[in-house]
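Student: One predicted model, sequence on top.
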Amino acid sequence: MEFKNILVPTDGSEYTKSAIKAAVDFAKTVGGKITALYVLDQTMISNMPMDAAVRNVYDALAAEGKEAVDVVRKLADEAGVPVEISVKEGSPVKVILEESSKYDMIIMGTLGRTGMSKLLMGSVAERVVRASSCPVLVVRASEAGN
């Protein structure tokens, strides 16, 4: 089994930086390529009318997504690893699972949800591990801030 086509979901948080570094190192070692995926999570704003305030939130999320995938692109470029960028809309878990069949492996961090939000929503990484079409490597963020 080859692991050369690697999906790297990122939410732009500190929690994903260790996973991004691990994915770039892994891809470089195996001669693989990375696709950086940011999912513009619309679940919070999907039932609201698209007024100016909601548009501002949407634009801020889109800008956050561009920054998130640019971090992956920068590290991959520095390491000489081919990288593609993908920004999609929807529920992060659903989109990652839909994309999983196109990849040999997913390398992801424990994403930024904590406390009550994690309890209510469940861990994105855990839900991806349980239902992914391909193997998933979850990289825990270091306590010292990566």
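Tutor: On my side now, so go ahead. Numbers count the residues shown, from 1 in each chain.
Student: which residue ranges form the strands in this structure?
Tutor: Assigned by DSSP state E, the chain shows strands spanning 5-9, 33-41, 83-90, 105-109, 136-139.
Student: quick one, which of the ones you listed is nearest to A60?
Tutor: Smallest distance to A60 across the strands of the chain (C-beta to C-beta): 10.3 Å, for strand 33-41. C-beta: built from backbone N, CA, C; applies to glycine.
Student: Work out the gap between the closest one and the centre of the chain.
Tutor: Once both centres are worked out by C-alpha atoms, centre = their mean, to the nearest Å, strand 33-41 turns out to sit 5 Å from its chain's centre.
Student: what is the orientation angle of that strand with strand 5-9?
Tutor: Interaxial angle of strand 33-41 relative to strand 5-9 (axes from the mean of the first three to the mean of the last three C-alpha atoms, to 10 degrees): 30 degrees.
Student: Sheet partners, orientation included, of strand 33-41?
Tutor: Strand pairing for strand 33-41, using DSSP bridges, gives strand 5-9 (parallel), strand 83-90 (parallel).
Student: most packed of those strands?
Tutor: The highest mean neighbour count among those, using mean count of other C-beta atoms under 10 Å, belongs to strand 5-9: a mean of 25.
Student: quick one, that strand and strand 105-109 angle?
Tutor: Going by the same axes, to 10 degrees, strand 5-9 makes 30 degrees with strand 105-109.
Student: Need the contact partners of strand 5-9.
Tutor: 16, 19-20, 23, 26-27, 32-39, 72, 92, 96, 99-100, 102-108, 111, 124, 128, 134 (C-beta atoms under 8 Å, 6 or more residues apart in numbering).
Student: now do 6 Å
Tutor: Outside strand 5-9, the residues that touch it by C-beta atoms under 6 Å, 6 or more residues apart in numbering are 23, 27, 32, 34-37, 72, 96, 99, 103-108.
Student: By neighbours, which of the residues you listed wins?
Tutor: A23 (32 neighbours; other C-beta atoms under 10 Å).
Student: circling back to that earlier point, is it possible to get a markdown table of the strands paired with strand 33-41 that adds mean pLDDT?
Tutor: Formatted as a markdown table, those follow (pLDDT from 0 to 100):
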| stretch | mean pLDDT |
| --- | --- |
| strand 5-9 | 97 |
| strand 83-90 | 94 |
